[in-house]
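In: quick check, what structure comes out for this input:
(chains A, B, C and D, ligands or ions: 4)
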Amino acid sequence: MLPYILRRLVLALVTLWLLATIVFLVANVLPNDVGRTILGPFAPQETVDALNAELGTDDPMLAQYGRQMKALVTFDYGDSYQSKRPVWGILSGPLWRSAKLAFYALVMTVPIAVAAGMFAARKRDRLSDRTIVLAGLASSSIPEFVTGSILAVVFGVAFGWFPVLASFPPGTSVVSQLRFLFLPALSMSVVYFGYIARMMRASTIRALEADYTRTAVMKGLSQSQVMRTHVLRNAMGPTISVISVQVGYLFGGIIGVEKVFNYNGLGQTVLIAAKAKDLPLLQASVVIIGIVYMLSTLLADIVIAWLNPRARLELGS
Amino acid sequence: MDEELVSTPGSDQVVDLSRSGPVTMQMTVLQQAAVERKQARRERWQLLRRRPGFLIGAGISLFWVVCAVLYDRITPFDPFDDLSTPLARPGGEHWFGTDQIGRDVLSRVMAGSRDVLVIAPISAVISVVTGTLLGLVMGYYRGLVDDVLSRIVEAFLALPVVLVGLLALVTFGSSEPENGFLRWTLKILTLGASEPVVVIVVAVLFTPIVARTVRAAVMAERDLDYVTSARLRGETNLFIMTREILPNIVGPIVVELTVRIGYAIFTVATLSFLGVGVQPPSPDWGLIISDHYSLMNGGIWWPTLFPALAIASLVIAVNLIADSIQAVNDR
Amino acid sequence: GDDEDADDDGGSSGTDAGTDTTAAGGGSEGGTIRVATQKPAGALDPVAMQDLGSYGMLVQSFEFLTTLGDDDIAPGLATEWSPNEDGSVWTFKLRPGVTWQSGGDFTSADVAATMDRLVEAGNSALKGVIETGAVDTTDPLTAVFTLAAPNGNFPYLVSVFNAQAVITKADWTSGTTLDAKPDGTGPWKLESYDPNTGARFVKSDTYDGTPPKLDAVEFQFFTDLGTQVTAVQGGAVDVITQFQVIGGDALFNDPNFNVLGFRAATHRQIWMRVDEGAFADKAVRQAVALAVDRDALVETLFRGQAEVGNDHVIAPIYPYFDSSVPQRTRDVEAAKELLGGETLDVVLHAGDLQEIPQLAELLQVQLKEAGINVEIALESLDTFYGAQWCPAEPAEPPCSGAAEFGIVDYGHRSTPDVYLNAALSTNGIWNSSQYASDDFMAAFTEFQAAIGVDAQKAACTKIQTILNEDVPVCLPYWYNYISGHTKAFTGVRVSALGQVFLDQASAV
Amino acid sequence: MTDTHSPDEPRRSTVATEVPPALAVEDLEVAYVVRGIPRQVLRGVSFHVAPGEAYGLVGESGCGKSTTAYSALRYLPRNGRITGGRVLVDGSDITSMSDAELREFRASKASMVYQDPGSALNPTIKVGPQVVEAFRILGQSKTEAQTSALHALQRVRIADPARVLGRYPHQLSGGMLQRVVIAMALACNPRLLVLDEPTTGLDATVEAEVLDLVRALRTDTDSAILLIAHNLGVIRSMCDRVGVMYAGTVVEEGDASQIFDRPQHPYTVGLLRALPRRGLRKTERSLATIPGALPQIGADLPGCVFVDRCELATHECRTVPPPVVDLGDGRSSRCHHIDRIPEIREPEAGAVVASEGETVLQIAGVSKTFRQSGHDVPALVGVDLSLADGETLGLVGESGSGKSTLAKAILGIHAPDAGGELTLDQRQLATKISKRSSDDKRAMQIVFQNPDSALNSAWTVRKILRRSVQKLTGLNQQAADDRVAVLADHLRLSPRHLDLKPSQLSGGLKQRVAIARAFAGDPRIVVCDEPTSALDVSVQAAILNLLAELQAEQRTSYVFISHDLGVVRYLADRIAVMYLGRIMEIGATDDVFAGPHHPYTEALLSAVPSVDGEPSTRIRLDGEIPSPANPPSGCVFHPRCPRFIEGTCDREEPPMVEVSLGHVIRCHIPPDELRVLQARTAAAADATEVDAVADSVVSDEPR
Ligand SMILES: Nc1ncnc2c1ncn2[C@@H]1O[C@H](COP(=O)(O)OP(=O)(O)OP(=O)(O)O)[C@@H](O)[C@H]1O
Ligand SMILES: Nc1ncnc2c1ncn2[C@@H]1O[C@H](COP(=O)(O)OP(=O)(O)OP(=O)(O)O)[C@@H](O)[C@H]1O
Ligand SMILES: [Mg+2]
Ligand SMILES: [Mg+2]
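Out: Numbering: from 1, shown residues only, chains lettered A, B, ... in the order given. Ligands and ions are numbered 1, 2, ... in the order given. Coordinates of the predicted model:
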């Protein structure tokens, strides 16, 4: 197990390096010149040049790349070009916020989706199954920013049950933070519900058709016992890996929800950094998202291995 | 997925003939086999036709296809040029109301299917093609090649969606690239779609996902004996990958394609919402939503809700069809 | 339409600032007001900033020589000011007893240092108006400005309407930011600042004026109008610094919301390059201007919260605006005639800002009728400014290399100098149409030298006529600046530059 | 081995009348819904199993055996429907039970064991809790259940039950798992135990152990057993009575030994004649086959279900369902023409003649070491072999003994370790396929076990064959097409088969295509890796005939790998016995079967259950084949060898001893001594079936 994790971590480092390189290339394809972007169209060229020299953005590509790689290794991205503040200082807030929201959304979605998926599999092809499948499909077919807007208008403005903005003032208690984050978490939840439920349904069906389930049924176990002790563990595997891939997206890709609820998470940070060509900020945020993605997939594989010892064998090799 | 590759028990099997079997019997048995095959296909089709899911899905898709093809003849108003009172409520002349500059929402939603129905399938096809190539190579060679490509694929998977969208948009600009070579490459790649950049972005986003699926399928195939047999008669790796293995993983690839079309519709909408997708005055659904969603709090829900429902309906329809086909094949 | 028509807007009368007059005075002491504002685009460096978000931050702590008055500019850090005869030297008497939050008295040395930094940065309407060392500081409470050329509007250039001109302490250098070094002479003191989410100001105890009634001001940063509207409706914020009619309908209909709409010089310019391409021919430019249905634009995009433009940059709110210059109205037939029956295919470049995408779409429809087929290229603002409008590295003269045809946004100015100087002068830094007219330059020089409304109006008549005839830019409308707050507060004042003044605000 | 055999007496009387049968299937009809249409699979199956009786169901693949078994426990696939008839277990009708009753019934009255024990246990849960669960459901407390679980494992002769309970299923071997499954099945002392191919997929040696176990357990439970197996030998050695199924109908039923020795239905006759019984060799005669194939499920069969393939069929058979003819003694047959059964002709005699030729292939000192998670796995160790022109070399040995690895090393699929040498026609062969000349490539081809995976299912048969022909012979398109036609004709594939895809062919046809492909370039050597083990006996017979004929015509040499010693004996000229990557014995077929054999060969031979009801000398092997990663010292077979000599076998590598010309044994015990020892065991077996380990089992077996 340990060698496996080490190997995975080493591979993850390689991936991170690739990721950082891709981002670097991406940022350099962007046409604007950094100094100009920061100082604006009105600043005189000399000021722009001076800023570029100061930031090192006029160095040869290779030198800039070298700096980025050094930053990746030392994990020190220095100051953001645009706001001249330490990158980690800027990122810590959004990272923490994204983490909270992603976790909240997961906690809200996974149990219900898993239960619904299992229920649908049990009632396969019956009305309740069809209803769940269709509801899941529908819920995951409406983009989350639409869902979010609808939820904000209905539950925030019309009924006033929840705050319409996710951004809570500092010092807000955890319980009321949950209230603030409820609507954005719910709108993400609605999208992922269908996804996870369908996955769970498929893997539950597979588990229900497996020989070991037949053995269990033949023992005379009741259906719920069979589901709990035999099917659940086996069906969770594929679902967990799907969820783990989603975690990465939840961190960096939910900019729609962030926009609708004015929640300053990693998604917006990436967008702004990319637009401003703020390379240190962009690199750092993408690397963070990459780390989150890789950790969550690693964690998922470990959980799967824990659930299913057979998978451990594969890990070992 | 694999189920599709294996014939259904007791259905498609043709009768065995031993050497001592009379010749006449052989013929009848074979004819019977051919008839049975045809019959199986017909039965499958009939079964499909009886599935409500398939009917609904096909009906919705057909509606949108008709809209996409004939929109300039069947929309109640001109989706681009007919201006009337902005933000008129649904009802009366404008069943779905009007948008903020007074165009008929119904007409725009109908016309919007054209972009979606071009962009989504094309980008899905491109991603499936490139993803399949990648997946083939990764799954077939394994080892170092797989390790290296897997890293790249994973790196792309970890890349935030917006970043890819933004990159492409800024690189190529919203309209066509100036560079003639680039322009033509894009044009050819995207079959001349009106929004080549969006097509490419979606394709890039989906390629690693497809590659992973295909890789898994190839891994399952490459250890089968027919591959060994091909190697024994001295086939090249390229031949084995493309001619031997590829036809056998068409099943999962087709499923992946339908799934990707569904997600492409969704992703195009999201990109438009983020301002890195389809350009105005296209009646693209995501764009209509993105232009109007902020009006919802003022009670102006129609220009947001109707295109959203359109997206949902098409995504659901595509998925219903895919599900039904899979279910029927599984029987 | 003309002047009178455009006067029936929802805000207070013809000024460029709005004050909530509903319940002046009264109001209770204490409390916090929450303001929704655009997220500052960059560091809070006063001489470098150029977005409403940053302006709104700086104005809380810092003051200007001349500030927002009821009808006109009012005394700020300067108590009175006067020009010499030709308007080339201006003398400002400074307010005594002003202290910096960081300690020390405010003197003319601070003014001089600020002006030198502004000149060095070159990022304001003062560019070209004064040079380094323009301020004489012999008397600590008198600042004497020697201008590069006579300028009758100079007090406006050191007012709130030139947002970079906030007076900062002499020990600031280029690059010092408010959040790194909170300071100021104004009523509010910065307590905390997060560039992503918001800022908080509290009452400054060194302020020499009437102390604010409220204890604190909280700003929340937004990137999206829809969210701000939802936030107001959902009770998450009290003030919204700026919003548009498109997207803001909800607030207009909200009985608990006080809309502050006031006429301003904010407008859009549709530039057409006069030096090359399809628009080099004046007839084509005129045809475009004739094909535009201005009334429809005002109605559709602003629900009347705007007035039609006449393809020149003298706003109807300026006292020297000449309403007698004939208003261009839509005439498709005339336009077609000017085009000689030919059709034209052009690409219209536009940034994705506020109502501009919709404007582009409407223009597309309107111009089509005259046989001009428009393809819209909508881009993110960064790309747009960087590549289409006055590109980042222009060839000489300044701003050459801009696209042939595009829409650019102009914010409010209390005088038309910036528009005339930067956008239309030969070699003007933002002259995207490459307009070069000796007649115009002569009229502009005349305007700048004119002292007194009548003289100014005479010059304006010429400017209006020339621009209307030449059409280097088509100016379809002037729209109102719209701001507002919930009725739970009173005494909120706003400028057309995203500046909210809360020193007199209080909870109802 | 003796050629005489004595028919088994009925093992138990089945005429216990008062007691209700443990299982009574009455006119059972089952249909599967396929593509929306219900298709009949069982067409009125009826039989009874008395308490304590073992009833066997045999028949070709797809005839409905498993369906019957699942119906007996009402656990049909989702698309299965019982459309008629009743199933009574211990007197109660399970077709009308409620869910709760059904659960109770399964918990206490019936159990099932099926093929592939590897998937029968939940891979995510340790064995312990899974066994305990079977007892908890009976109402035992946790601690009681734990004790019971331990006892249960002891009962199925697991030596270290506590350790096994703490393991995950994947950590146990197939044989061990099957014992665990049996232990769980017996937890409730079921009235009915259904075994659906419990030993298919297990090694002969392991199979023998499991079967012994079941036999032993029968004596201490009173369970009725319904046993399904492909292997007729297993059925004969295990069952009291047998039902022969065809197309969802029981066509013949009766006492086991009588069915196998005096079949009374044309189908049973055909089935039995297809087997290479009683030491039959290819030189004696070719095997009989049953032409045609099983009807499709859901087919309309108004008359006799077997009519299409029956030699005796008349018009009556097509239209009138045959009556169940009671032949007395509990025997019955569904046939219109029982009286004409003896008319069914034997196949013509002596198809092929064995021939000796020049040496084609020479293998010297070939080893193959795999690397697996950091360990060396020597799967082949210093193998020397030679193969003559037109000769068939049989390779036998337990699973994992290295047979396939040897085959792949010869073919160059796995390049052997450095040092080994392969010579083809006196020329040195490159070890890697990619380095071999096209002549060498075409000289050696393979036929795989599973034709499903061996043929590209996306290609038509024509394309598969043409590609091979072109690639191997370099013929142009036209010539290749001609050659494909010739090949197809040789293999009795009709031209219409050529345009079908493999999925549209039956297993036998597919295997024929695979053989055709192997013969595409006139190979010198064809390696057959268990080519018939996935096939029904009648299809197997056809394939074996074909292989023998092709060899006779083309003088191709075969390396023939099989688990089925009967088949190897039929086809092979020489036999090599492998264990842990080493050849333990090699010699002419007759010599190897006659003895003296290596103790390992002896064990393999004795593990095979015979259809002929021959007494067998049960030499049981303890434990499992060790991992090649750390082979035992000295003779690698010593830890399991019944004739192990302490101090010698575990220390020294055994010598290769020549018993007779070309018959070599790798053993410390001199051949003469072995001969004496083995003769003694055989004699003992003649007197009473010797059971070295479970003597309790044998004690009450009447002879
Ligand atoms: N779930 C199913 N749906 C449709 N057809 C099925 C299903 N299960 C089995 N069949 C078909 O029903 C027939 C009988 O199957 P069954 O498994 O009972 O045969 P069997 O005698 O056990 O065969 P084998 O020896 O291969 O196990 C076969 O033709 C099989 O293909
Ligand atoms: N690719 C491989 N990597 C590692 N070990 C292998 C590999 N192939 C085979 N082995 C090992 O080599 C040994 C011999 O395997 P092989 O497949 O030759 O046995 P076999 O006699 O053909 O068995 P079976 O009868 O089950 O087909 C086994 O222990 C197996 O685990
Ligand atoms: Mg079966
Ligand atoms: Mg093998």
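
In: so the residue of the stretch 201-317 of chain A found nearest chain D, which state does it fall into?
Out: Using C-beta to the nearest C-beta, the single residue of the stretch 201-317 of chain A nearest to chain D is A:Gly220, 2.5 Å away. Every residue, glycine included, has its C-beta placed from N, CA and C. Following DSSP: H, G, I helix; E, B strand; the rest coil, A:Gly220 is assigned to coil.

In: where are the low-confidence patches of chain A?
Out: For chain A, the stretches with pLDDT under 70 are A:1, A:29-33, A:36-45, A:253, A:311-317.

In: tell me which parts of it are close to chain D?
Out: Within chain A, the positions near chain D by C-beta under 8 Å from any C-beta of the partner chain are A:124, A:210-212, A:214-223, A:229-230, A:233-234, A:307-310, A:313, A:316-317.

In: coming back round to it: show the contacting residues for the residue of the stretch 201-317 of chain A closest to chain D.
Out: With contacts defined as C-beta atoms under 8 Å, 6 or more residues apart in numbering or on different chains, A:Gly220 is in contact with D:103-108, D:137, D:188.

In: in CSV: the residues you listed, plus distance to ligand 2 and pLDDT.
Out: Shown next, in CSV, are the contacts of A:Gly220 (distance: C-beta to the nearest ligand atom, whole Å; pLDDT from 0 to 100):
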residue, distance to ligand 2, pLDDT
D:Arg103, 38, 88
D:Glu104, 41, 87
D:Phe105, 38, 87
D:Arg106, 34, 87
D:Ala107, 36, 85
D:Ser108, 38, 85
D:Ile137, 36, 86
D:Cys188, 34, 83
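
In: where does pLDDT dip in chain C?
Out: Applying pLDDT under 70 to chain C flags the ranges C:1-27, C:123, C:382, C:386, C:391-397.

In: most remote residue from it's center?
Out: Here chain C reaches farthest from its C-alpha mean at C:Gly341, the gap being 39.5 Å by C-alpha atoms, centre = their mean.

In: for the residue found closest to that one once you drop the neighbours it is linked to in the chain, phi and psi?
Out: Distances taken as C-beta to C-beta, 6 or more residues apart in numbering or on different chains put C:Gly371 closest to C:Gly341, at 7.7 Å, once the chain neighbours are dropped. Phi and psi for C:Gly371, reported as degrees, to the nearest 10, are phi 90, psi 20.

In: identify the residues contacting C:Gly371.
Out: C:336, C:339, C:341-344.

In: I'd guessed D:Leu674 sits against D:Cys667; true?
Out: Yes. Contact criterion C-beta atoms under 8 Å: D:Leu674 and D:Cys667 qualify, at 6.9 Å.

In: and whichever strand or helix holds D:Gly85, what does it pack onto?
Out: If you go by DSSP states H and E, D:Gly85 is part of strand D:80-89. When contacts are defined as 3 or more C-beta pairs under 8 Å, 6 or more residues apart in numbering or on different chains; DSSP states H and E, strand D:80-89 sits against strand D:23-34, strand D:37-49, helix D:65-72.

In: list the contacts of it.
Out: Against strand D:80-89 from outside (C-beta under 8 Å, 6+ apart): D:20-33, D:38, D:40-41, D:44-46, D:67, D:70-72, D:74, D:76, D:93-95, D:105, D:109-110, D:191-192.

In: name the residue of chain B that lies nearest to ligand 2.
Out: Nearest residue of chain B to ligand 2: B:Asp223, at 9.3 Å (C-beta to the nearest ligand atom).

In: burial check on that residue, number of neighbours?
Out: For B:Asp223, the neighbour count with other C-beta atoms under 10 Å in any protein chain shown is 9.

In: look up phi and psi at it.
Out: Dihedral angles of B:Asp223 (phi, psi; degrees, to the nearest 10) stand at phi -90, psi 0.

In: state the distance from it to B:Tyr140.
Out: Applying C-beta to C-beta, to the nearest Å, the value for B:Asp223 to B:Tyr140 is 11 Å.

In: now do the same contact list for whatever residue of the stretch 601-703 of chain D ends up closest to chain C.
Out: Chain C sits closest to D:Ala629 of the stretch 601-703 of chain D, with a gap of 58.2 Å, by C-beta to the nearest C-beta. With contact set as C-beta under 8 Å, 6+ apart, D:Ala629 has these partners: D:372, D:375-378.

In: so what does the biggest helix by length in chain B touch, helix or strand wise?
Out: Across chain B, the helix with the greatest residue count (assigned by DSSP state H) is helix B:105-141. Packing partners of helix B:105-141 (3+ C-beta pairs under 8 Å, 6+ apart): helix B:52-74, helix B:143-158, helix B:196-222, helix B:250-273, helix B:285-292, helix B:302-330.

In: winner for burial among the ones you listed?
Out: Mean neighbour count (mean count of other C-beta atoms under 10 Å in any protein chain shown) peaks for helix B:285-292 among the helices and strands packed on helix B:105-141, with a mean of 27.

In: so is that helix next to chain A?
Out: Yes. Helix B:285-292 comes into contact with chain A (C-beta under 8 Å from any C-beta), by way of B:286, B:289-290.

In: and of these, the nearest to C:Phe62?
Out: Comparing the residues of helix B:285-292 next to chain A against C:Phe62 with C-beta to C-beta picks out B:Ser290 as the nearest, at 37.2 Å.

In: tell me who's in contact with the closest one.
Out: Each residue near B:Ser290 by C-beta under 8 Å, 6+ apart is listed here: A:145, B:272-275.

In: one more pass at 10 Å, please.
Out: The neighbourhood of B:Ser290, defined by C-beta atoms under 10 Å, 6 or more residues apart in numbering or on different chains, consists of A:143, A:145-146, A:256, A:259, B:269-275, B:277-278, B:280, B:284, B:304, B:307, C:226.

In: show me which residues of the stretch 201-317 of chain A are close to chain B?
Out: With the criterion set to C-beta under 10 Å from any C-beta of the partner chain, the stretch 201-317 of chain A comes near chain B through A:245, A:248-249, A:251-256, A:259-260, A:266-271, A:273-275, A:277, A:282, A:285-287, A:289-294, A:297.

In: returning to what we had before: turn the helices and strands packed on strand D:80-89 into JSON lines, columns for distance to D:Ala388 and mean pLDDT.
Out: Listed next are these as JSON lines, based on distance: least, C-beta to C-beta, whole Å; pLDDT from 0 to 100:
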{"stretch": "strand D:23-34", "distance to D:Ala388": "50", "mean pLDDT": "90"}
{"stretch": "strand D:37-49", "distance to D:Ala388": "49", "mean pLDDT": "89"}
{"stretch": "helix D:65-72", "distance to D:Ala388": "42", "mean pLDDT": "90"}
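
In: which of these sits closest to A:Ala158?
Out: Nearest of the helices and strands packed on strand D:80-89 to A:Ala158, taken as C-beta to C-beta: strand D:23-34 at 49.5 Å.

In: who are the packing partners of the closest one?
Out: Where contact means 3 or more C-beta pairs under 10 Å, 6 or more residues apart in numbering or on different chains; DSSP states H and E, strand D:23-34 is packed against helix B:23-50, strand D:37-49, helix D:65-72, strand D:80-89, strand D:192-196, strand D:224-228.
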